[in-house]
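Asker: here is the input, now give the coordinates:
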Amino acid sequence: MNVLDILQRIQWRPQIGDPTLMGWVTVVAYGCTATTSCIAAIRTAGSDRRMWWLVGTLLALLCLNKQLDLQSLFTDIGRIIAFDQGWYEERRIVQKEFVLGLLALSGMTVAYLIWRFHDFWKKQFLLAAGLAFLLTFILIRAVSFHHFDSMLKITVGGVKMNWFLELTGIGLVWLAALLACFKDRTRETAKSC
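Answerer: Next up, the predicted model:
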C-alpha cells in the first residue's frame, strides 16, 4: 500500500459540505468569530494574546472544516487502511479506541490550558462557556460517526440540536472576543486621558 494508491481510492472530494442556509450562517459565524478573536489578540498583551491567537486559529480551522468536511476525508483514509491491512471487520473496536483516545487527548489538552492559563480563564467566563459548547458539539460529532448521530438531529421548536450547540458556542466565543476588544480599547483610552 502506497500513498498514491490511497489517494486514488479516496471517495472524499473538496466540495461544499453543507450548502444549506444554516451551513453558510455557521461558516460566516465561525469566520467572524475567528476574525474578532484575532483582533482581540492584537489588542491584548502577554499570555492573553497567545490565548486569543489560539482561539482565533481554532475557529478559523473549524470554519474551514465546516464546509470541507475534513473528518470524512480521514474516515475514508481509515477505511482504506483497514481494508488493506485486513482489520476492517474489527473496525468498531479501533473506532472506539480512537474516540476514547481523542477524548483523553482533548481532556489532557483542556486540563493543561486551564492549568497553564488559569488567570486568563478566570477573566474569560464567556469564552470558557463558548468553548465548552463547541467542545461538546465536536465530541458529540466525533462519537456520532459511531451511532450517536440521532442526538444531533433532535429538533425543538424548529431548531436542530446541532445548530443550537454549535451556534451557541460560536456566539459566546464571539461575544467574549468582542468584549475583550472593547475592554482593552477602553483601558487604552483611560490611560491616554
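Asker: taking the centroid of this protein, which residue is nearest it?
Answerer: The centre of the chain sits closest to L62, judged by CA atoms, centre = their mean, with a distance of 4.7 Å.
Asker: host element of it?
Answerer: helix 46-68 (DSSP states H and E).
Asker: only alpha carbons, please: show the helix or strand just after that helix as CSV.
Answerer: Per DSSP H and E, helix 46-68 leads on to helix 70-85 as the next helix or strand towards the C-terminus. Backbone C-alpha positions of helix 70-85 (Å, rounded to 0.1, in the frame of the first residue of the first chain) are rendered in CSV as follows:
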residue,chain,number,x,y,z
LEU,A,70,-12.3,17.0,6.6
GLN,A,71,-13.4,14.3,9.1
SER,A,72,-14.9,12.5,6.1
LEU,A,73,-11.5,12.5,4.4
PHE,A,74,-9.9,11.0,7.5
THR,A,75,-12.7,8.4,7.7
ASP,A,76,-12.1,7.5,4.0
ILE,A,77,-8.3,7.1,4.7
GLY,A,78,-9.0,5.0,7.8
ARG,A,79,-11.4,2.7,5.8
ILE,A,80,-8.9,2.2,3.1
ILE,A,81,-6.1,1.3,5.6
ALA,A,82,-8.5,-1.0,7.4
PHE,A,83,-9.3,-2.9,4.2
ASP,A,84,-5.7,-3.1,3.1
GLN,A,85,-4.4,-4.3,6.5
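Asker: could you list the buried residues of the helix or strand following helix 70-85?
Answerer: The helix or strand immediately downstream of helix 70-85 is helix 91-116, counting by DSSP H and E. Within helix 91-116, the residues that count as buried by 16 or more other CB atoms under 10 Å are R91, Q95, F98, V99, L113. Every residue, glycine included, has its C-beta placed from N, CA and C.
Asker: which outside residues touch the very next helix or strand once past helix 91-116?
Answerer: With elements assigned by DSSP H and E, the helix or strand that comes after helix 91-116 is helix 118-123. Helix 118-123 has contacts (CB atoms under 8 Å, 6 or more residues apart in numbering) with S47, D48, M51, L113, I114, L127, A128.
Asker: just among those residues, which is most surrounded?
Answerer: Within the contacts of helix 118-123, most neighbours by other CB atoms under 10 Å means L127, with 24 neighbours.
Asker: lowest-pLDDT helix or strand in the protein?
Answerer: helix 149-152 (a mean of 65; mean pLDDT, DSSP states H and E).
Asker: can you get me a residue count around L165?
Answerer: Neighbour number of L165 under other CB under 10 Å is 20.
Asker: please apply the same query to G86.
Answerer: 8.
Asker: list the backbone torsions phi and psi for it.
Answerer: The phi and psi values for G86, taken as degrees, to the nearest 10, are phi 80, psi 20.
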